[in-house]
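Next input, structure requested:
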Amino acid sequence: MRILFLAAVVCLIAFPGLAKADWTIIHAGELLAVPGTPPQKQASVIIKDGTIQGVRSGFISAGDIDSGDEAVNIIDLSDKFVLPGLIDSHVHLTGDFDTPRLKGLLMSDEYRTLVGYKNAAITLRAGFTTVADLGSGPYTAFALRDAIRDGVIEGPRIIAGGASISVTGGHADRTNSLPDKWWFHRADDNIGQCDGADDCRRRVRVNAKRGADIIKITATGGVMSQQGRGLDQHFTHEEMVAIVETAHLLGLKVTAHAHGTEGIKAAIRAGIDSIEHSSLIDREGSRMAKKAGTYLIPTLMAPYGAELARQAGLLSPTVIEKFDAVMAEKAESYPYMFADGINIAFGTDAGVYEHGLNGKEFARMMEASGMSAMDAIKTATINAATHFGVLDNRGTVEAGKHADIVAVDRSPLEDITQLESVAFVMKGGKVIDLD
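Next comes the predicted model:
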């Protein structure tokens, strides 16, 4: 008998889905189940095993569902506005904006993973139940993703890119302007650099081998790196095509950091699936993006973080010069960045600014584009989920999807800043302690 008991315990530990499941019913005062459609007044969301079973009108009781002898938990959000868990399409969990460059260069990947653990918890409590980590150490984002998935630590679901792919001396080459003798700590081929089409194919395959969910490249120069050779195209057309073809053969999408006007268009021509920042896009570029179905991720919080870093004395003269150049022209690109019909996914570049402030991107998007609050919310739910190919299990509050749910005190359709401070977060049916 003792052996049978121990075997049962082992089974429950190894296969927690075999454990007896409880049900949860959320009473939502107002529910935006599918962004883009009108919210419902007084609705009940039924959840079991971390999955939404359905949505019903009114506030139902435990006796209204067929739960057998299983316990039913009622969560009273009857005075809240409830909506799907939010998705940030561009974060850097393993970095902090106020880390001095020298300290960042000397950090071990193990240390960065612990930084990511801290920031993952902060991000989840800000209402973001899914994020795409685009640019990290060779394994740090994968370690975070897997530990969160397995319940070892708490955080959002992570779509992980791993190390950004860059040309030698490009934006993601952190050894820019350093003597060769400093390279020893990256001598194990972890940087992500490649040169030439064949080398870039290999780099994609290395990232895929390590566990990448998406391939991130730095198609142009960047603001916050020490390379001072402009903000336009870095990869050749042949190199980018090789990256895209290889990634697509492996079932992976490619997203490209791109600031400069011609670099953005070059990335679109090469078949890149999405453009991060798209800072200096022009009318031709916007038309190209619309025709190709390319997603744009504006990351309007990034300049906020760069300005804070400048005020703290953390930016070099090279970075300051690039930052000022972008900001002098960026506002002119807004009409093209948000042109009618372009696919927009919500992303913030968290890590360039303080983690947990992701929700401030909404107001910036609305101010820059004139989009409605509903459309802004769609970018962080349905649009982002569609972009990553995960709309089948998140992005709306509907049957069969993860029970990833947030709530705010008042309607964000009337005051979008409500999403800057959420009152309730649930991920996979588990209520997250916000204290």
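
Low-confidence stretches in the stretch 151-300 of the chain?
Applying pLDDT under 70 to the stretch 151-300 of the chain flags residues 174-190.

And the helices in it, which stretches?
197-210, 237-249, 261-269, 283-292 (DSSP state H, counting those that start in this stretch).

most tightly surrounded among those?
Stretch with highest mean neighbour count among the helices of the stretch 151-300 of the chain: helix 261-269 (a mean of 24; mean count of other CB atoms under 10 Å). Every residue, glycine included, has its C-beta placed from N, CA and C.

can I have that one written out in PDB, keeping just the CAs?
Taking Å, rounded to 0.1, in the frame of the first residue of the first chain, the C-alpha atoms of helix 261-269 are listed here in PDB:
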ATOM      1  CA  THR A 261      14.800  55.000 -43.900                       C
ATOM      2  CA  GLU A 262      16.600  53.000 -46.500                       C
ATOM      3  CA  GLY A 263      17.500  50.200 -44.000                       C
ATOM      4  CA  ILE A 264      13.800  49.700 -43.200                       C
ATOM      5  CA  LYS A 265      12.900  49.400 -46.900                       C
ATOM      6  CA  ALA A 266      15.800  47.000 -47.500                       C
ATOM      7  CA  ALA A 267      14.600  44.800 -44.600                       C
ATOM      8  CA  ILE A 268      11.000  44.700 -46.100                       C
ATOM      9  CA  ARG A 269      12.400  43.800 -49.500                       C
END
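
Return the distance of it from the chain's centre.
Chain-centre distance of helix 261-269: 22 Å, with CA atoms, centre = their mean, to the nearest Å.

before we move on, the earlier item: a markdown table for the helices of the stretch 151-300 of the chain, including distance to G313?
Below are the helices of the stretch 151-300 of the chain laid out as a markdown table (distance: least, CB to CB, whole Å):
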| stretch | distance to G313 |
| --- | --- |
| helix 197-210 | 34 |
| helix 237-249 | 36 |
| helix 261-269 | 30 |
| helix 283-292 | 35 |
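
Figure out which of the ones you listed is closest to A384.
helix 283-292 (16.4 Å; CB to CB).

which residues sit against the closest one?
261, 264-265, 268-269, 271, 275, 278, 281, 294, 296, 336-337, 339, 341-343 (CB atoms under 8 Å, 6 or more residues apart in numbering).

of all the helices of the stretch 151-300 of the chain, which lies closest to G104?
Of the helices of the stretch 151-300 of the chain, nearest to G104 by CB to CB is helix 197-210, at 21.0 Å.

on that earlier part again, of the contacts of helix 283-292, buried ones?
Neighbour counting over the contacts of helix 283-292 (16 or more other CB atoms under 10 Å) leaves 261, 264-265, 268, 271, 275, 278, 281, 294, 296, 336-337, 339, 342-343 as the buried ones.

got the contact list for the residue nearest to A197 when sequence neighbours are not counted?
Distances taken as CB to CB, 6 or more residues apart in numbering place A242 nearest to A197, at 3.9 Å, with adjacent residues excluded. Contact analysis of A242 by CB under 8 Å, 6+ apart lists 197-198, 200-201.

and A242, how far is that from L249?
11 Å (CB to CB, to the nearest Å).

what do you get for S316?
39 Å.

now do L83
For L83, the distance to L249 - CB to CB - is 37 Å.

which element is V319 on?
For V319, the host element (DSSP states H and E) is helix 317-337.

just to revisit the earlier point, tell me which of the helices of the stretch 151-300 of the chain sits nearest to T220.
helix 261-269 (3.5 Å).

got the angle between that closest one and helix 283-292?
Angle of helix 261-269 versus helix 283-292, following axes from the mean of the first three to the mean of the last three CA atoms, to 10 degrees, is 10 degrees.

Touching helix 261-269 from outside, list them.
So helix 261-269 is contacted by 219-221, 231-235, 237, 240, 256, 258, 275, 278, 280-282, 284-285, 288-289, 292, 294 (CB under 8 Å, 6+ apart).

Which residue ranges of the stretch 301-435 of the chain form helices?
302-311, 317-337, 361-369, 373-378, 384-387.

pull the longest strand from the chain.
For the chain, the longest strand by residue count, based on DSSP state E, is strand 72-84.

Against which helices or strands is it packed?
Judged by 3 or more CB pairs under 8 Å, 6 or more residues apart in numbering; DSSP states H and E, strand 72-84 is in contact with strand 23-31, strand 40-48, strand 405-408, strand 424-427.

In its sheet, which strands sit next to that strand, and in what direction?
In the sheet, strand 72-84 lines up against strand 23-31 (parallel), strand 405-408 (antiparallel) (DSSP bridges).

tell me which residues in it are buried?
72, 75, 77, 80-84.

now what about it, what contacts it?
22-33, 35, 39, 42-43, 45, 59, 61-62, 65, 377, 381, 394-397, 404-412, 418, 423-424, 431.

how about H277, what does it touch?
257-259, 297-299, 302, 349.

Among these, name the ones in strands.
Per DSSP E, the contacts of H277 map to strands at 257-258, 297.

OK, contacts around K360?
301, 304, 348, 420.

Mind doing that once more with 7 Å?
K360 makes contacts with 301, 420, as judged by CB atoms under 7 Å, 6 or more residues apart in numbering.

what's the answer for G293, then?
N343.

hmm, try it at 10 Å
Taking CB atoms under 10 Å, 6 or more residues apart in numbering, we find G293 in contact with 273-274, 341-343.
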